[in-house]
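A.B. asks: Next come a sequence and a model predicted from it.
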Amino acid sequence: MNDLKEDFDSLVAKTGLSDGVDRRDFLKTALGTGFAAAVMPVAAQSVIKTDAAGLSVGQFSVKVNGQDVPVYRAQPEGKTGLPVVLVISEIFGVHEYIADVARRFAKLGYLALAPNLFVREGDPGKYQSIAELQKEIISKVPDNQVMNDLDAVVAWAKANGGNTAKLGITGFCWGGRITWLYAAHNPQVKAGVAWYGRLVGDNTPRTPHHPIDIAAGLKTPILGLYGAKDGGIPVSTVVQMQDALANGKSGSEFVLFPDAGHAFHADYRPSYVEADAKEGWKRCIAWFKTHGVA
């Protein structure tokens, strides 16, 4: 608990947050705020804080089969006809890091939307360990449910100032895998950027396909940003995916960062590799511009 207090105090000093904020709020208050319990203590000294100046930010919900799915939204204030980017979270849900990524896109002129794709299964922010979170939340989320939720978010964007002819998707870890799958699911997606998403796995009723299974038929160009030192995603699986993609015509590419492990873009975690995160972000933005998401 002392470590948590120190990290909170450091983040207050770094970002200008009010020290009057309850420390429980540092963990979780609402969609797009706080940090998940399973990632404590936060590496506060490297946390990036993107302000909302010139932006319109907030939360709305889309209804999917009777379920309200909350979505964090960030966009340039007063603008319409915006290119749309879906920001898909890690297993920790739509917490402060994911909201900040959405604001980074908004600063560049995008309508950025980060949906809470775990809303039916529970709050991933409250679990104290990754193992518990995987068991209680992630293992229960079916891919087809995620695809339907994202379809509803895209429909909302089209009806609310977004130009879905310029639709992109990016995701981190769990969201990286979803990035590959949704690009195969929805032909409206112009391009995607997958950050260290799992490429192979067991085919089950909940996860009937993995990126390796859809690679040959993929038509959307995906940029895969992966770490060579990722203990959970061996380089051999990246090679497998490259070979599978070679049989198709998507134009997808990989960048393998030799000094990075998993979650190298996550600035609030010890896994953060600043140089590779910045290079990956630069390549992400360039990829979207090259493929009509800008």
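C.D. replies: Nice, thanks for sending it over.

A.B. asks: Just to check, residue 255 is in contact with residue 281?
C.D. replies: No. Shown here, residue 255 and residue 281 do not form a contact pair, counting by CB atoms under 8 Å, at 11.7 Å. Bear in mind the C-beta positions are built from the backbone N, C-alpha and C, glycine included.

A.B. asks: Show me the helices in the stretch 101-250 of the chain, by range?
C.D. replies: Ranges of helices within the stretch 101-250 of the chain are 130-136, 143-159, 174-185, 211-214, 235-245, based on DSSP state H, counting those that start in this stretch.

A.B. asks: which one of those helices has the most crowded surroundings?
C.D. replies: Of these, the one with the most neighbours on average (mean count of other CB atoms under 10 Å) is helix 174-185, at a mean of 25.

A.B. asks: What average pLDDT does it get?
C.D. replies: When pLDDT is averaged along helix 174-185, the result is 98.

A.B. asks: That one to helix 235-245, inter-axis angle?
C.D. replies: With axes from the mean of the first three to the mean of the last three CA atoms, to 10 degrees as the basis, helix 174-185 and helix 235-245 are set at 10 degrees to each other.

A.B. asks: outside of helix 174-185, which residues touch it?
C.D. replies: By CB atoms under 8 Å, 6 or more residues apart in numbering, the list of residues contacting helix 174-185 from outside reads 86-91, 117, 138, 143, 146-147, 150, 169-171, 189, 192-199, 209-211, 214, 217-218, 220, 222, 224.

A.B. asks: how about stretch 46-60: buried residues?
C.D. replies: Using 16 or more other CB atoms under 10 Å as the burial criterion, the residues of stretch 46-60 that qualify are 47, 48, 50, 55, 57.

A.B. asks: Look up the pLDDT of the first one for me, please.
C.D. replies: Okay, so that is residue 47. 96.

A.B. asks: Please tell me I have it right and it contacts residue 267.
C.D. replies: Yes. Between residue 47 and residue 267 there is a contact at 5.6 Å, judged by CB under 8 Å.

A.B. asks: can you name the two of the buried residues of stretch 46-60 that are farthest apart?
C.D. replies: 47 and 55 (18.7 Å; CB to CB).

A.B. asks: Per-residue pLDDT of residue 24, please?
C.D. replies: Confidence score, pLDDT, at residue 24: 38.

A.B. asks: The one 5 residues further on too?
C.D. replies: Model confidence at residue 29, expressed as pLDDT, equals 44.

A.B. asks: swap in the one 3 residues further on?
C.D. replies: pLDDT, the model's per-residue confidence, is 90 for residue 32.

A.B. asks: That one: helix or strand, and which one exactly?
C.D. replies: Here residue 32 is covered by no helix or strand, with elements defined by DSSP states H and E.

A.B. asks: Can you name the residues that contact it?
C.D. replies: Residues in contact with residue 32, defined by CB under 8 Å, 6+ apart, are 59, 72, 94, 95, 96, 98, 99, 102, 114.

A.B. asks: Quick check: chain neighbours aside, which residue is closest to it?
C.D. replies: With sequence-adjacent residues excluded and distances taken as CB to CB, 6 or more residues apart in numbering, residue 32 is closest to residue 99, at 3.3 Å.

A.B. asks: Can I get stretch 176-186 in CSV, CA atoms only?
C.D. replies: In CSV, the C-alpha atoms belonging to stretch 176-186 read as follows (Å, rounded to 0.1, in the frame of the first residue of the first chain):
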residue,chain,number,x,y,z
GLY,A,176,-4.1,-6.5,-30.7
ARG,A,177,-5.6,-9.9,-31.4
ILE,A,178,-9.0,-8.3,-31.9
THR,A,179,-7.5,-5.8,-34.3
TRP,A,180,-6.6,-8.6,-36.7
LEU,A,181,-10.0,-10.4,-36.3
TYR,A,182,-12.2,-7.3,-36.7
ALA,A,183,-10.3,-6.2,-39.8
ALA,A,184,-11.2,-9.6,-41.3
HIS,A,185,-14.8,-9.3,-40.0
ASN,A,186,-15.6,-5.8,-41.3
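
A.B. asks: And residue 247, how far from residue 190?
C.D. replies: 22 Å (CB to CB, to the nearest Å).

A.B. asks: And for residue 180?
C.D. replies: From residue 180 over to residue 190 the distance is 15 Å, taken as CB to CB.

A.B. asks: residues in contact with stretch 105-115?
C.D. replies: In contact with stretch 105-115 (CB under 8 Å, 6+ apart) are residues 32, 50, 54-55, 57, 62, 69-76, 79, 82-89, 94, 98-99, 101-103, 149-150, 153, 156-157, 161-162, 285, 294.

A.B. asks: which regions of this structure sit below the pLDDT cut-off?
C.D. replies: Within the chain, the set of residues satisfying pLDDT under 70 comprises 1-29.
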